[in-house]
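# sequence and predicted model, in that order:
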Amino acid sequence: MKGKLLDLVLVLGGVVMIAPLVWLVVNALSEPIDAFQLPPRWIPRPPTLQNFQQVPDLIPFAQMAWNSLQIAVITTAGALLTSALAAYAFNRLRFPGRDQIFSVLLAALVVPVQLTVVPIFIMMRWLHLVDTTVAIWLPALVNVFGIFFLRQYIASIPRELDEAAIMDGAGHFWILFRVILPLARPGLTALGIFVFEASWNNFFWPYIFLSSPEKMTLPVGLVSLQGAVGGGPAVVLFAAITLVVLPILVLFLIFQRSFIASIASTGLRA
Amino acid sequence: MFHWDLLSTPEFAGLDNFKQLVTDGATVRAVINTFVFALASVVTHIGIGMLLALGVHRTMTRGTKYFVRTAYFFPFLVSWAAVALIWKYVLDPAFGLANYYLSATTNWLASPTLALPTLIVVDWWHTIGYTFIILLAGLQTVPAQLHEAARVDGANAWWRFWSVTLPVMSPTIFFATVITFIGAFQIFDPMVIMTQGGPDGATRSIVQYTYEKGFQSFEVGYAAALSLVLFVVIMIVTGLQFRLSRRWVHQ
């Protein structure tokens, strides 16, 4: 009896949690005249896609989606590659100053990105990269957390495997890519999911570096759309938000298991 | 240490920028706001997150468990930009959901006293799923045998939580506390999108003020001094947390 009551409280809480998202989608699917009514409607009647068709009139949505995707893919691929190489070096190679360099890297882990934005902005200006997508992915190619995380992961892989490969005449790259990384797949997946998600949803960095609409990523584009909508129909803004939010939610439902495992193991927070 | 507007030659300023930090009322306000935000964030995330994790870590039907876990986690996947925009409408005084269901006519984001607590609630909505999952994962590492042994010894539920669950989970709680504090202390997105730091600086955060100084009024030296403050505070608080953790975190 007590258990059932607790279940009910948790479920009601869950309903309240997703209510704003349901309200978002319902309004995005409503005719402007039917939207934002009180008492709120929870079923669009009749559902229409016209708001979605209007999004491209106000912002270059497809271009922004492409920018977001491109940045997220390059960032994820780059961060995985550099993290794997560095993690291998810090765990398997011996070189003078290795542990000292690693502790300096660890210190960088607690430095917030907000702290580095001013100097990096100045550097990007020298390089004439402000207001380009390069300014977003270039600094993200090396991910200190990724190095740290993969180093822990690689440390758990037995060294006897490397030694066996060395006997067969394998070099470092062979060992890393053919022996270690295949065994580190769960770690790579966890890290990859997180880097991708963080990049896709990132607002702070693109907001500072990008100013032309055709260079913007989706989160920044949404905020600029808010200005463009002005007094116009907010349903169009809701349609655009839905287009950004829905793919991630659907992806989550499909990959829920690895997603949750990824957070529980990396502890990373966007 | 310099006066620089990004265009002219930087001019050495000595400690001017740091003097300005202490005397600039807006900086003091932003530091206080950020502290209030971060502390409230840690307390509400860890407290309610723990209750949620305990609530879900029981026997319940698979469907219920799936729904509850997914529902609390969903908002964390939504970009802050989208979260802030959705909530601006949810909180709209005229046609928003919040006032309708609370039978209120409050203008949440325009009130000097309510704006910051409102943003704390929105941040909670967005990030609780993360804290919840981390704590739930920690809870699942508590061995059932320990609970059994305590039960055999006649410990009641509360005592079992206090003497078995909490000590075993303490590293997870510690980790969640540190991460929540660091994340909350760097808050920027909801302030910029929902309130622009207003009304009258009531919600301006340190990072937001740094952004305004560095990229809107081009006082780069001053912005750099502000970000140093951010760094020093995070270092000190994190260091303190580690030091205090020796007293309560089970190794």
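Cool, got the structure.
# from now on I want contacts and neighbour counts done on CA atoms only, so please keep to that.
Will do.
# so, low pLDDT: which residues of the chain?
Reading this off chain A. A:1-2, A:110, A:228-233, A:264-270 (pLDDT under 70).
# right idea, wrong chain: chain B
Checking chain B against pLDDT under 70 turns up B:1-16, B:18-19, B:21-23, B:251.
# residue boundaries of the strands in it?
B:2-3, B:11-12 (DSSP state E).
# look up how far residue A:221 lies from residue B:250.
Distance of residue B:250 to residue A:221, given as Cα to Cα, to the nearest Å: 46 Å.
# compare those two (neighbour count), which wins?
Applying other Cα atoms under 10 Å in any protein chain shown to residue B:250 and residue A:221 shows that residue A:221 carries more neighbours, namely 28 against 13.
# ok, that one touching residue A:215?
No. Look at residue A:221 against residue A:215 with Cα atoms under 8 Å: they stay out of range, at 9.2 Å.
# which neighbours do those two share?
residue A:64 (Cα atoms under 8 Å, 6 or more residues apart in numbering or on different chains).
# how about the contacts made by residue A:189?
For residue A:189, the contact set (Cα under 8 Å, 6+ apart) comprises residue A:262.
# around the nearest residue in space to residue A:63 that is not next to it in sequence, how many other residues sit close by?
The shortest distance from residue A:63 to any non-neighbouring residue, by Cα to Cα, 6 or more residues apart in numbering or on different chains, is to residue A:214 (6.2 Å). Residues near residue A:214, counting by other Cα under 10 Å, number 18.
# check contacts around residue B:177.
Taking Cα under 8 Å, 6+ apart, one finds B:42, B:46 in contact with residue B:177.
# now do it against residue A:239, distance only.
From residue B:177 over to residue A:239 the distance is 36 Å, taken as Cα to Cα.
# and for residue A:53?
For residue A:53, the distance to residue A:239 - Cα to Cα - is 9 Å.
# and if you look at residue B:97?
Taken as Cα to Cα, the span from residue B:97 to residue A:239 is 18 Å.
# what's the answer for residue A:128, then?
Counting by Cα to Cα - residue A:128 and residue A:239 are separated by 35 Å.
# what's the helix or strand for residue A:43?
Using DSSP states H and E, residue A:43 sits in no helix or strand.
# quick check: chain neighbours aside, which residue is closest to it?
residue A:26 is the one closest to residue A:43 (Cα to Cα, 6+ apart), at 6.1 Å.
# residues near the one you found, how many?
Neighbours around residue A:26, by other Cα under 10 Å: 24.
# isn't it right up against residue A:48?
No. At 10.0 Å, residue A:26 and residue A:48 do not qualify as touching, with contact defined as Cα under 8 Å.
# now the residue of chain B found nearest chain A, nearest residue through space, not along the chain?
Nearest residue of chain B to chain A: residue B:79, at 4.5 Å (Cα to the nearest Cα). Once flanking residues are discounted, residue B:79 sits nearest to residue A:201: 4.5 Å by Cα to Cα, 6+ apart.
# next, the buried residues of the helix ranked longest in chain B.
Longest helix of chain B, by residue count under DSSP state H: helix B:25-56. By neighbour count with 16 or more other Cα atoms under 10 Å in any protein chain shown, helix B:25-56 contains the buried residues B:26-27, B:29-38, B:40-42, B:44-46, B:49-50, B:52-53, B:55-56.
# just stretch A:255-263 next, same as before
So stretch A:255-263, judged by 16+ other Cα under 10 Å, has buried residues A:259-263.
# likewise stretch B:53-67?
B:53, B:55-56, B:65.
# what's near enough to touch the residue most central in space within chain B?
With distances taken as Cα atoms, centre = their mean, residue B:184 lies nearest the centre of chain B, 3.3 Å away. If you count contacts by Cα under 8 Å, 6+ apart, residue B:184 has them with B:34, B:37-38, B:41.
# appreciated, that's everything.
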